[in-house]
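J.: Predicted model follows, preceded by the sequence.
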Amino acid sequence: MTPPPERSAHILISGRVQGVGFRAWMRDKARGLGLKGWVRNTRDGRVEAVLCGPQTDVEVMLQACRTGPKWARVDHIEHRPDLGTVDNDFSVRATL
């Protein structure tokens, strides 16, 4: 059986996304899907993330990011060029 195609996505999420548990929510959801990658706050108030894994799971995560956790408000998701694969887990990184 052929493994599902892999995909990576580099995104920046704007809105009320800091101080609402977005990074922890994203880490837990991504790990639950078995994705690799990372998430961090940026100094300009956005959340930046890289998601890597089976295409369908990355799409599920991207869709979930459109609403985020309970207290978040997502105004815009900017997609950046794919970065390829990353480490074997999903982590929260320090603010950039």
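T.: The structure has been received and is ready for your questions.

J.: From here on, just use CA atoms for contacts and neighbour counts.
T.: Will do.

J.: Contacts only, for residue 31.
T.: Residues in contact with residue 31 (C-alpha atoms under 8 Å, 6 or more residues apart in numbering) are 89-90.

J.: helix, strand or coil for it?
T.: helix (DSSP: H, G, I helix; E, B strand; the rest coil).

J.: any idea how far it is from residue 44?
T.: Distance of residue 31 to residue 44, given as C-alpha to C-alpha, to the nearest Å: 26 Å.

J.: before we move on, what about residue 70?
T.: 22 Å.

J.: Around residue 3, how many other residues sit close by?
T.: 6 (other C-alpha atoms under 10 Å).

J.: Just give me how far the helix or strand residue 27 falls within sits from the chain centre.
T.: Taking DSSP states H and E as the definition, residue 27 sits inside helix 22-33. Its chain's C-alpha centre and that of helix 22-33 lie 8 Å apart, by C-alpha atoms, centre = their mean, to the nearest Å.

J.: repeat for stretch 4-11
T.: Between the centre of stretch 4-11 and the centre of its chain there are 11 Å (C-alpha atoms, centre = their mean).

J.: ok so, going back, show me what the helix or strand that comes right after the helix holding residue 27 is packed against.
T.: Counting by DSSP H and E, the next helix or strand C-terminal to helix 22-33 is strand 36-41. Taking 3 or more C-alpha pairs under 8 Å, 6 or more residues apart in numbering; DSSP states H and E as contact, the helices and strands that strand 36-41 lies on are helix 22-33, strand 47-54, strand 90-92.

J.: Please spell out which residues along the first one are buried.
T.: Same thing as helix 22-33. Neighbour counts over helix 22-33 (16 or more other C-alpha atoms under 10 Å) mark 22-23, 26-27, 29-30, 33 as buried.
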